[in-house]
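A.B. asks: Build me a model:
(chains A and B)
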Amino acid sequence: MSNKEVLIVDDEKNIRLTLSRCVESLDVEVNTAVNGEDALSKLDEGNYNLMLLDLKMPGMNGMEVLEETSKKYPELNVIIITAYGSIEGAVKAMKLGAVDFIQKPVTPEEVRSIIKSVFDRAGLEKDKLETYKEHLEFAKHNINKRKFDLALTHIQKAIGIDSSKPEGFVLKGNLLELKGEDLEAQKTYRAALELEPTYKPAKECLSNLTSGFSKDTPNKKLGLSGDDKE
Amino acid sequence: MKLSIRNKFLISFCLILVLVLIVWGRGIFSIRDLGKSAQLILKENYRSIRAAYKMIEIIENQNNLLLQGLVDYSPDYKSSFREKEIKFLINLSRAEDNITIKKENNIIANIKSNYSEFLGHSTDVFSRLENSQKAAEDIYEGPLKKKYKIVVKECSQLASVNQETMYTASQNTQKTANESFYTIIIIGVIAISAGIIISIFFSSRLAYPIRKLMDATKKIGDGDLDVDIKVESKDELGMLAKELQAMVRKLKDYRKLNVGRIIAERKRAEAIIQSVGEGILVFDTELKIVLANQVVGEILNFVPHEGIDKHFFEILKNEKIFNLLKGAVEKGKISPGEEEEEKNIFEVKSEEGKSYFYYTVNPVKTEEGKIIGAVLLFKDVSKLKEIEEMKSEFMTAASHELKNPLSSVSMSVDLLLEEEHGEKDKELLLAAREDCQRLKDLVNDLLDLSKLESGEMPMELRDVDYKRLCKKGIDILKKQAEENEINLELIEEKEIPDKVKLDPNKITWVLTNLIGNALRYTDKGGYIKVRITVTKNRIFTSVEDNGTGIPYEYQSKIFDKLISLTDKKGTKSGSGLGLSITKEIVKAHGGSIWVDSEPGEGSIFTFTLPIK
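C.D. replies: A predicted model of the protein is given here:
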């Protein structure tokens, strides 16, 4: 895994340190940035393959950085780090090509495995996909490339191979949300929870969607009833 | 003069009776009078006339005897003459007995004297006849004939006098009869008129006050207590009127007193309602506003007294509150009910920001339990809500802030543990890792709890097969139980409905949390029984173990925050928030949770869920 360059962006010094140590063992070059502006200038200077990006930072926040980088460096893979339980911007981040999340507090193993899978999925070939994992990773790879329809197809394939794992359903739900199919997305999240009632990402996505949905609904209803009257 | 109705009747009837008597008396009197006078005429005068005519007849006979004697005398004549003389005298005396007229006296006296002279002369005639016829003729032709003519004349006079009297008497009778006829008619007419007048007078005098009383009572009945009953008579009716007037006066006073008291009470009640710091809206059964105070006017932005009689929706377009009010008015429902808590929050957005009001809905009942309306009460909980939000925000922020250092600590420990260390160092690092995990759990639980409490984590209720849910929950921990050699089983009593409205994720969490707790406090070889009982409107789910149990002093606080007990290994484990979260979730479902425990024997945690 040599000649890979990783940029870690976090405003917390100790997080930067521990994450760096954790990634170093993967035999990659690690650099750090203290905030969004710093990250953008570092990206200008080097040639990075992967960025670990904290969402909550003073000044320019993670999502703003992501918006910039997705335009400037479409090839750059981004893993989002968040301290919040709920990934409120999951769908937005996905739109910008980011599909991987690390939730603090995190173990070194988790960090390494996610970085590994991000690097590995680039080597996947469309015709040689066999396992659930491979299809899912290929789907994520396509999300990174903003090829959402292709991603959805492979998620369906992954689910077709193994319909007992919730992760695929959540990802499918996110993609459906991205397409504006909120009701379908809800059903998909519920299916994930049926499989594993304690699966957190599904819970969070569903509660984000339903609370957001319930906020919109009354207005829509009012609008409709107004039309009816006229 | 005090005259009772009875006496009035008696008097009027007596008056009429008297009139009748007068008419009657007069009639009888007249009839008797008439009869009397007729009788007299017939009897006395008729006798006199007959006597007179007899006397004429007799004296003519005597005269004829004398004339015959003059022609050829015979002593028989003389005796016959004497017989006739007696007859004459009898008739004369009869006439004399029947003197009815003054004139008769003279006439009879004349007859008497002249007849006696006639008799004297006739005696002379008879005596001379024996001697000389010439002398007798002289006497006869001289004084006797003269006397004879006088007597005849007088007798005819007597007859005519009596005839005249008879005539006048009959005339008089006629007259009297006529008079009586008219008098009776007149008196009768007068009596009838008087009777009619008296009857009308008395009846009207009697009926008039009765009609007045009737009108007055009708008015009183209609609620008009200002009637003046003017009955001036002093009889029973007058007294009745007086009593009625007195009654009306008392009634009026009573009403005035009562109205005054009611007004005073109403004013007091209104003042209380106005001065209460909470918003009060009172509705009738049609949900029209009966009462509103200033505070509620400020909350809902309307002028309280202008809102009276307006419908709920004219003031507030809130369907939830409307339904609660409807429930209160129609079924006497109270909101919030016993098991709901602080769900009734009404939010008002204004320029100064958001305000929050906790509201309750209560039916208004009479003493007999009849529902006559509903009360909607608003209590300003903006401050509380603010504090709660601040607390929740603080908890969230603090938890997140904790996550960064926790993350670096745990990562450092994990990274260190990847390298080789001496036994002692490793022990320390493992201790650090274990407590890092505890801290992570605590932070996550705190976040969940604050979300639950602030309502950020809404219940997503849908129909769920409850039995399947429980089986899944048990499956999650089955392996862990087997590792600890604890028998974990599901016991269902009665049939479990396959459609229960609940949030499956959260109830699964509740169930696994309770089983997880039981696992921690149960020794090897113990048992955990999840028992489901169904009643008419509730599902009871209990998690029973034969573990260490809960000391009595902790049983009441077990659901409070940050209470955790030492487990079977003698260490404290868990965040101490699990049961608080469990309670919040069960409460949000409209259920309740409690514990029965005997220290050393085991515990039974039971929670209920409503079935609709």
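A.B. asks: All the strands of the chain, residue numbers only.
C.D. replies: In the absence of a named chain, chain A is used. Counting by DSSP state E, chain A has these strands, from start to end: A:5-9, A:29-33, A:50-54, A:77-82, A:100-103.
A.B. asks: think we crossed wires, I meant chain B
C.D. replies: Under DSSP E, chain B gives strands at B:279-283, B:289-292, B:345-350, B:353-365, B:371-380, B:462-464, B:487-493, B:500-502, B:527-534, B:538-545, B:593-598, B:602-610.
A.B. asks: Is it possible to get a markdown table of those that adds mean neighbour count and mean pLDDT?
C.D. replies: For the C-beta atoms, the positions are set from N, CA and C on the backbone; glycine is no exception. Compiled in a markdown table, those are given as follows (neighbours: other Cβ atoms under 10 Å in any protein chain shown; pLDDT from 0 to 100):
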| stretch | mean neighbour count | mean pLDDT |
| --- | --- | --- |
| strand B:279-283 | 23 | 89 |
| strand B:289-292 | 21 | 86 |
| strand B:345-350 | 12 | 80 |
| strand B:353-365 | 18 | 85 |
| strand B:371-380 | 20 | 88 |
| strand B:462-464 | 14 | 83 |
| strand B:487-493 | 14 | 86 |
| strand B:500-502 | 22 | 86 |
| strand B:527-534 | 18 | 90 |
| strand B:538-545 | 20 | 90 |
| strand B:593-598 | 17 | 90 |
| strand B:602-610 | 21 | 91 |
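A.B. asks: Up against chain B, what does chain A have?
C.D. replies: Within chain A, the positions lying close to chain B (Cβ under 8 Å from any Cβ of the partner chain) are A:12, A:14-15, A:17-19, A:21-22, A:25, A:56, A:83-85, A:104-109, A:193-194, A:197-198, A:203, A:206-207, A:210-211, A:214.
A.B. asks: Give me the buried entries from those residues.
C.D. replies: A:12, A:15, A:17-19, A:21-22, A:56, A:83-85, A:104-108, A:193-194, A:197, A:203, A:206-207, A:210 (16 or more other Cβ atoms under 10 Å in any protein chain shown).
A.B. asks: quick one, what contacts A:C205?
C.D. replies: By Cβ atoms under 8 Å, 6 or more residues apart in numbering or on different chains, the contact set of A:C205 is A:87, A:90, A:170, A:173-174, A:177, A:185, A:189.
A.B. asks: Now do the residue in the stretch 451-600 of chain B positioned nearest to chain A, the pLDDT please.
C.D. replies: Going by Cβ to the nearest Cβ, chain A is nearest to B:T508 of the stretch 451-600 of chain B, at 4.0 Å. On pLDDT, B:T508 comes in at 88.
A.B. asks: which residues sit in contact with it?
C.D. replies: A:197-198, B:469, B:472-473, B:476.
A.B. asks: Retrieve the pLDDT associated with the residue positioned nearest the centre of chain B.
C.D. replies: In chain B, the C-alpha nearest the mean C-alpha coordinate belongs to B:G221, at 10.0 Å (Cα atoms, centre = their mean). At B:G221, the pLDDT value in this model is 83.
A.B. asks: State the distance from A:P58 to A:E12.
C.D. replies: 11 Å (Cβ to Cβ, to the nearest Å).
A.B. asks: ok, now how distant is the nearest residue to B:I334 once chain neighbours are set aside from B:L324?
C.D. replies: Ranked by Cβ to Cβ, 6 or more residues apart in numbering or on different chains and with sequence neighbours excluded, the top spatial neighbour of B:I334 is B:N362, at 5.5 Å. For B:N362, the distance to B:L324 (Cβ to Cβ) stands at 10 Å.
A.B. asks: what do these two both touch?
C.D. replies: By Cβ under 8 Å, 6+ apart, the residues touching both B:N362 and B:L324 are B:S335.
A.B. asks: So for B:D425, what's the pLDDT?
C.D. replies: The model's pLDDT for B:D425 equals 90.
A.B. asks: What count of nearby residues applies to it?
C.D. replies: 13 (other Cβ atoms under 10 Å in any protein chain shown).
A.B. asks: what does the one 3 residues further on give?
C.D. replies: A count of neighbours around B:L428, defined by other Cβ under 10 Å, yields 14.
A.B. asks: Tell me where the model's unsure across chain B.
C.D. replies: Along chain B, the parts satisfying pLDDT under 70 run over B:1-3, B:37-38, B:40-42, B:337-343, B:562-575, B:612.
A.B. asks: residues from it in reach of chain A?
C.D. replies: Going by Cβ under 8 Å from any Cβ, the residues of chain B near chain A are B:400, B:403-408, B:410-412, B:414-415, B:418, B:436, B:440, B:444, B:447, B:456-458, B:460, B:469, B:472-473, B:476, B:504-505, B:508-509, B:512.
A.B. asks: Restricted to helices, list those.
C.D. replies: B:400, B:403-408, B:410-412, B:414-415, B:436, B:440, B:444, B:447, B:469, B:472-473, B:476, B:504-505, B:508-509, B:512 (DSSP state H).
A.B. asks: Tell me who's in contact with B:R205.
C.D. replies: B:8, B:233.
A.B. asks: Quick check, pLDDT for A:S2.
C.D. replies: 54.
A.B. asks: ok, and the helix or strand in chain A with the lowest average confidence?
C.D. replies: helix A:200-229 (a mean of 53; mean pLDDT, DSSP states H and E).
A.B. asks: ok, the residue in the stretch 101-250 of chain B that chain A sits nearest to to B:K230 distance?
C.D. replies: Relative to chain A, the nearest point of the stretch 101-250 of chain B is B:G223 (48.0 Å; Cβ to the nearest Cβ). Separation of B:G223 from B:K230 (Cβ to Cβ) stands at 20 Å.
A.B. asks: Same drill for those two, tell me which one is more crowded.
C.D. replies: Remark: of B:G223 and B:K230, B:K230 carries more neighbours, 10 against 7, as counted by other Cβ under 10 Å.
A.B. asks: Next one: the nearest residue to B:A177 once chain neighbours are set aside relative to B:E179, how far apart?
C.D. replies: Sequence neighbours aside, B:L34 is the residue nearest to B:A177 in space, at 5.5 Å (criterion: Cβ to Cβ, 6+ apart). Taken as Cβ to Cβ, the spacing of B:L34 relative to B:E179 amounts to 10 Å.
A.B. asks: Next: B:G549.
C.D. replies: Taken as Cβ to Cβ, the span from B:G549 to B:E179 is 136 Å.
A.B. asks: Between these two, tell me which one has more neighbours.
C.D. replies: B:G549 (21 against 12).
A.B. asks: can you tell me how far the more buried one sits from B:T522?
C.D. replies: In terms of Cβ to Cβ, B:G549 sits 10 Å off from B:T522.
A.B. asks: Likewise for B:N91?
C.D. replies: With Cβ to Cβ as the criterion, B:N91 and B:T522 are 172 Å apart.
A.B. asks: When those two are compared, which one has more neighbours?
C.D. replies: Neighbours per residue (other Cβ under 10 Å) separate B:N91 from B:T522, with B:T522 holding more: 25 against 22.
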